[in-house]
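> Show me how the following folds:
(one chain, ligands or ions: 1)
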Amino acid sequence: MTQRSFADLGVSGPLQRALRSENYTHPTPIQDQAIPQLLDGKDLLGIAQTGTGKTAAFALPILQYLFASRPGENIDAQRNDAGKGNSGGRHRRRAVPRALILAPTRELAIQIGESFRTYGRHLPLRHTVILGGVSQHSQVRALSGGVDILVATPGRLLDLVEQGHARLGQVSHLVLDEGDLMLDMGFLRDVRKIIAALPAKRQTMLFSATMPSDISRLAREILNDPVRVEVSPRTITVEKVDQRVFFVDTGNKRALLAHLLRDAGMSRVIVFTRTKRGASRLAMQLEKSGISTESIHGDKAQNARQSALARFRNGHARVLVATDVAARGIDISGVTHVVNYELPNIPESYVHRVGRTARAGAGGVALSFCDASERPFLRGIERVTKRPITVVENHPHRGSALPRQAASGGQDPRKSSPAGRAAHKSGTSKRRAASGFSGSNKRRTASNGNAPKRQGWSGERIATGGARSEGTSPSRTSPGGDASGGAGAHRRRRSRRRPPAA
Ligand code: AMP
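Numbering: from 1, shown residues only. Prediction:
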């Protein structure tokens with residue numbers, strides 16, 4: 001949080017009241033940097049991801065502007081009325097959309113719509129959410145009833161524009177949210193078509209967690225002399241999260257998850273899988289074993305996704321199994337653990353996943369399962385997050401994913417690192433050879449650049465207490481499970497270091 005207040009940023013009275021009801025005492029860094037610029041009418045390029053407070057960063061200025069510029073109102077008089085508590089409420093007209101927010105996923109669109117409702121609750125502005133996967137009927141009705149703010153996923157919006165139900169000729173504010181995901185999901189063409197239907201004179205905001213070259217190009221095309229605001233939640237978010245990796249063979253992942261879930265401390269858990277089918281299957285298996293589980297992925301109908309999310313949110317389901325795309329942007333508080341059942345091959349996805357826990361400044365735990373084929377992904381993740389992830393060695397399903405012997409001429413990494421030595425001693429080398437995993441010298445060098453992490457290991461906190469009691473020799477665990485002292489702890493600390501990558 002920052003020093004300035006929302007009033008200092010120029011946020012008007014009715015919005016401040018709504019923020020107070022939400023217990024937002026101070027702006028987040030992106031709000032602090034973006035809001036004054038946006039209230040000034042500037043275009044914005046925001047490099048930020050969900051969890052930084054970016055929704056309010058664009059929603060507050062939009063609401064404030066749209067309220068002040070209602071037909072018949074004097075904009076200049078109202079632009080500076082911060083803190084005066086203007087309740088509005090006079091106009092009732094058939095509004096046409098003046099703000100358009102494009103989001104790549106339905107969940108994100110719904111969430112943004114909810115934010116507009118929350119922040120705009122004291123203003124007489126209407127919004128609606130347009131998304132695919134459900135009947136267009138109620139959306140068409142909402143549009144014909146008049147809306148000021150349109151939050152939409154690109155495909156359905158384009159349909160409605162083409163059918164003549166949505167008219168975009170009065171849009172003065174455009175937000176493209178999660179630009180990089182929009183690109184990943186193949187929406188760029190639709191987005192360009194939508195932008196072509198908008199007035200050239202408008203305020204445009206583009207938010208993206210990363211800046212691949214296509215997004216930079218799009219930014220150059222659609223933004224006019226933008227202010228660039230970059231918040232670096234990547235490291236910040238990741239730093240707040242206690243991150244652990246379990247080397248485990250693919251076939252043992254389910255048993256490891258079941259084992260970890262025996263800890264009641266894992267009370268609200270999001271498990272990420274790479275595929276939709278994998279998500280469904282795992283959710284079914286967990287449910288069968290008596291763990292209340294829901295799943296969300298792209299093959300599920302929108303209302304099934306919403307009810308799954310609701311059951312997870314309200315605590316009726318303890319575990320939510322999700323794919324990256326379905327989970328992107330969803331904001332659920334109190335997630336105790338994120339489990340990467342499969343490591344993502346895109347490091348940014350790891351950052352997004354991990355960001356589902358440790359929301360709003362709280363701590364959280366991310367547990368990653370890594371089989372032999374996922375070792376390169378792990379190295380990529382560590383390169384992006386710039387920190388090694390602590391290896392959990394004491395668990396009952398240890399796998400063969402440790403690095404294999406160094407290339408000839410080099411030192412055997414198993415012998416040159418404590419973790420490697422530990423793995424070597426415990427006989428994993430045979431299994432490793434069988435796994436056929438290989439890595440390149442280049443990778444080895446890059447990963448060796450990471451200083452080994454020496455972090456206290458608290459089985460209780462991350463719910464592997466059972467692992468210690470089952471699979472641990474007494475010499476490895478000091479009395480009372482204290483990870484911070486004693487000879488056992490010393491050995492543990494040594495063997496916990498990350499081995500140099502293969
Ligand atoms: P977002 O990045 O917009 O998805 O926001 C992430 C979470 O932070 C949401 O739950 C917001 O309600 C919350 N949030 C946004 N701004 C603030 C603030 N200034 N103070 C406290 N919480 C906030």
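
> Need the pLDDT of the residue nearest to residue 223 when sequence neighbours are not counted.
Take residue 223 and drop its neighbours on the chain: the residue closest to it by Cβ to Cβ, 6 or more residues apart in numbering is residue 43, 4.5 Å away. For every residue, glycine as well, the C-beta is placed using N, CA and C. pLDDT recorded at residue 43 is 98.

> hang on, isn't residue 43 packed against residue 221?
No: contact between residue 43 and residue 221 fails when scored by Cβ atoms under 8 Å: they sit 11.8 Å apart.

> Tell me where the stretch 301-450 of the chain has helices.
Here the stretch 301-450 of the chain has its helices, by DSSP state H, counting those that start in this stretch, at 302-313, 324-327, 347-354, 375-385, 413-416, 418-425, 428-435, 441-448.

> what about residue 43 and residue 221, which has more around it?
Counted by other Cβ atoms under 10 Å, residue 43 and residue 221 do not tie: residue 43 has more neighbours, with 20 against 9.

> Quickly note the distance from that one to residue 204.
With the distance defined as Cβ to Cβ, to the nearest Å, residue 43 ends up 5 Å from residue 204.

> Overlap in contacts, these two.
223-224, 226 (Cβ atoms under 8 Å, 6 or more residues apart in numbering).

> Include pLDDT and secondary structure when you put those into a markdown table, please.
Output for the shared contacts of residue 43 and residue 204, formatted as a markdown table (pLDDT from 0 to 100; DSSP: H, G, I helix; E, B strand; the rest coil):
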| residue | pLDDT | secondary structure |
| --- | --- | --- |
| 223 | 97 | coil |
| 224 | 96 | coil |
| 226 | 97 | coil |
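
> Out of the residues you listed, grab the one that's most surrounded.
residue 223 (20 neighbours).

> Could you check the pLDDT of the closest residue to residue 368 other than its chain neighbours?
Closest residue in space to residue 368, ignoring its immediate chain neighbours: residue 340 at 4.0 Å, by Cβ to Cβ, 6+ apart. pLDDT for residue 340: 97.

> from memory residue 340 sits against residue 351, does it?
No: if you go by Cβ under 8 Å, residue 340 and residue 351 don't touch, sitting 11.4 Å apart.

> Looking at the two, which is more packed in?
Neighbour count, other Cβ under 10 Å: between residue 340 and residue 351, residue 340 has more, with 27 against 23.

> Return the residues in contact with that one.
By Cβ under 8 Å, 6+ apart, residue 340 lies in contact with 272, 350, 353, 366-369.

> Could you list the domains of this protein?
Listed by automatic domain parsing, the domain ranges of the chain are 13-83+90-232, 235-413, 453-493.

> any chance of those domains in JSON lines, plus distance to the ligand?
Putting the domains of the chain into JSON lines (distance: least, Cβ to the nearest ligand atom, whole Å) gives the following:
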{"stretch": "domain 13-83+90-232", "distance to the ligand": "3"}
{"stretch": "domain 235-413", "distance to the ligand": "5"}
{"stretch": "domain 453-493", "distance to the ligand": "24"}
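
> weakest of those by average pLDDT?
Among the domains of the chain, domain 453-493 scores lowest, with a mean of 29.

> Span of stretch 293-313 from start to end?
12 Å (Cα to Cα, to the nearest Å).

> Identify the residue nearest the geometric centre of this structure.
The chain has residue 352 as the residue nearest its centroid, 3.2 Å off, counting by Cα atoms, centre = their mean.

> how about the strands in the stretch 151-300 of the chain?
173-176, 203-208, 227-230, 241-247, 269-272, 293-296 (DSSP state E, counting those that start in this stretch).

> re earlier: the residue nearest to the centre of the chain: what's it in contact with?
Neighbours of residue 352 in contact, by Cβ under 8 Å, 6+ apart: 49-50, 209, 324, 327-328.

> I'd like those as JSON lines, with neighbour count appended.
Listed next are the contacts of residue 352 as JSON lines, based on neighbours: other Cβ atoms under 10 Å:
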{"residue": "49", "neighbour count": "26"}
{"residue": "50", "neighbour count": "24"}
{"residue": "209", "neighbour count": "26"}
{"residue": "324", "neighbour count": "19"}
{"residue": "327", "neighbour count": "24"}
{"residue": "328", "neighbour count": "24"}
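
> What is the distance between stretch 366-375 and the centre of its chain?
Centroid separation for stretch 366-375 versus its chain: 19 Å, with Cα atoms, centre = their mean, to the nearest Å.

> residues of that stretch that come out buried?
Applying a neighbour-count criterion of 16 or more other Cβ atoms under 10 Å, one finds 366-372, 374-375 buried in stretch 366-375.

> do the same with stretch 107-120
107-113, 115-116, 119-120.

> likewise stretch 261-274?
Applying a neighbour-count criterion of 16+ other Cβ under 10 Å, one finds 261, 263, 266, 268-274 buried in stretch 261-274.

> Looking at those, which one is closest to residue 241?
Comparing those against residue 241 with Cβ to Cβ picks out residue 270 as the nearest, at 12.5 Å.

> was I right about that closest one contacting residue 334?
No: counting by Cβ under 8 Å, residue 270 sits too far from residue 334 to count as a contact (11.1 Å).

> could you dump the contacts of residue 340 to CSV with distance to residue 394?
Shown next, in CSV, are those (distance: Cβ to Cβ, whole Å):
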residue, distance to residue 394
272, 23
350, 23
353, 24
366, 18
367, 13
368, 16
369, 15
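
> Next, count neighbours for the closest residue in space to residue 182 that isn't next to it in sequence.
Among residues not flanking residue 182 along the chain, residue 104 sits closest, at 4.4 Å (Cβ to Cβ, 6+ apart). The number of residues packed near residue 104 is 25, by other Cβ under 10 Å.

> hmm, back to that, quick check, nearest of the buried residues of stretch 107-120 to residue 196?
residue 109 (20.8 Å).

> Surely the closest one is in a helix?
Yes: with the criterion set as DSSP: H, G, I helix; E, B strand; the rest coil, the secondary structure at residue 109 is a helix.
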